[in-house]
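Peer 1: how does the following fold in three dimensions:
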Amino acid sequence: MFSGPFDFSIVKRAQEAKLIEINFVDLRNFGIGKHKTVDDKVYGGGRGMVIRVDVLEKAVSTTLEKSLSKEEQKVIFLGPKGETFNQTKAFRLSKLKHVVLICGHYEGIDERSFSFVDEEISVGDFITTGGEIPAMLLTDAVTRLIPGVLPEGVVEEESFSKESLEYPQYTRPEAHKNLKVPETLISGHHQKILEWKRKKSEETTKRLRPDLIKKAS
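Peer 2: The predicted structure is shown next:
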């Protein structure tokens, strides 16, 4: 599931430049018995299967970098009960040296697993089959914030970097039917262009995401 999304664009170039390293850990390698079992039925009854705590703990302990401190690496479970992922969390994670992402499946993980999990993160108030796609989202968002991955100054202008949305963008043709590029953007007046971008960013945020303005205040 991961090979496609991570083999293209920015994430691929970041790996090629040795700015990040992505390793895949197959839970089956730590499974129990001949069939490498990693999950079991729910105690107390209920539908679905739960990933075993003993299997998961062995996988995590083997994956952690022994030379790093708790402040330098984190174990994160992608699940629906965690705080919602956002740009602020992405910035925080980008400062770490090592992040272990646990992708739950079906009914998730044994509750005792949270004794060695540092944080649970959700990507929104909806349910996916597993944590693989949320892990891809998180990895992509964090990778973009690592110094050297994107040109200097790009991140600072993007949506959510300053609790606001980005200003509107235009390209050629200058006129399409009765729609034209704003005169300010083709004026060549750099100060006025900066002021236009700032104003439009504020207007767009106020119109579409007023909650960001309250949060910034």
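Peer 1: per-domain residue ranges of the protein.
Peer 2: Following automatic domain parsing, one finds the domains of the chain at 5-143, 160-216.
Peer 1: highest average neighbour count across those?
Peer 2: Stretch with highest mean neighbour count among these: domain 5-143 (a mean of 15; mean count of other C-beta atoms under 10 Å). C-betas here are computed from N, CA, C, even on glycine.
Peer 1: distance between that domain and the chain's centre?
Peer 2: The chain centroid and the centroid of domain 5-143 are separated by 12 Å under C-alpha atoms, centre = their mean, to the nearest Å.
Peer 1: and the domains of the chain as JSON lines, adding distance to residue 149 and mean pLDDT?
Peer 2: JSON lines is the format used below for the domains of the chain (distance: least, C-beta to C-beta, whole Å; pLDDT from 0 to 100):
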{"stretch": "domain 5-143", "distance to residue 149": "5", "mean pLDDT": "96"}
{"stretch": "domain 160-216", "distance to residue 149": "15", "mean pLDDT": "94"}
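Peer 1: could you dump these into a markdown table and include distance to residue 153?
Peer 2: Shown next, in a markdown table, are the domains of the chain (distance: least, C-beta to C-beta, whole Å):
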| stretch | distance to residue 153 |
| --- | --- |
| domain 5-143 | 16 |
| domain 160-216 | 11 |
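Peer 1: closest to residue 151 out of those domains?
Peer 2: Residue 151 lies closest to domain 5-143 among those, at 11.2 Å (C-beta to C-beta).
Peer 1: between the two ends of the closest one, how far is it?
Peer 2: 13 Å (C-alpha to C-alpha, to the nearest Å).
Peer 1: cool, stretch 55-72 as well?
Peer 2: 24 Å.
Peer 1: same check on stretch 87-104?
Peer 2: Length of stretch 87-104, first residue to last, C-alpha to C-alpha: 22 Å.
Peer 1: residues making contact with it?
Peer 2: By C-beta atoms under 8 Å, 6 or more residues apart in numbering, the residues outside stretch 87-104 that reach it are 51, 56, 60, 63-65, 68, 72-79, 83, 109, 113, 117, 121, 130-132, 134-135, 138-139, 141-146, 159-161.
Peer 1: one more time with 6 Å
Peer 2: 63, 65, 68, 72-79, 130-132, 135, 141-142, 145-146, 160 (C-beta atoms under 6 Å, 6 or more residues apart in numbering).
Peer 1: repeat for stretch 209-217
Peer 2: Against stretch 209-217 from outside (C-beta under 6 Å, 6+ apart): 163-165, 205.
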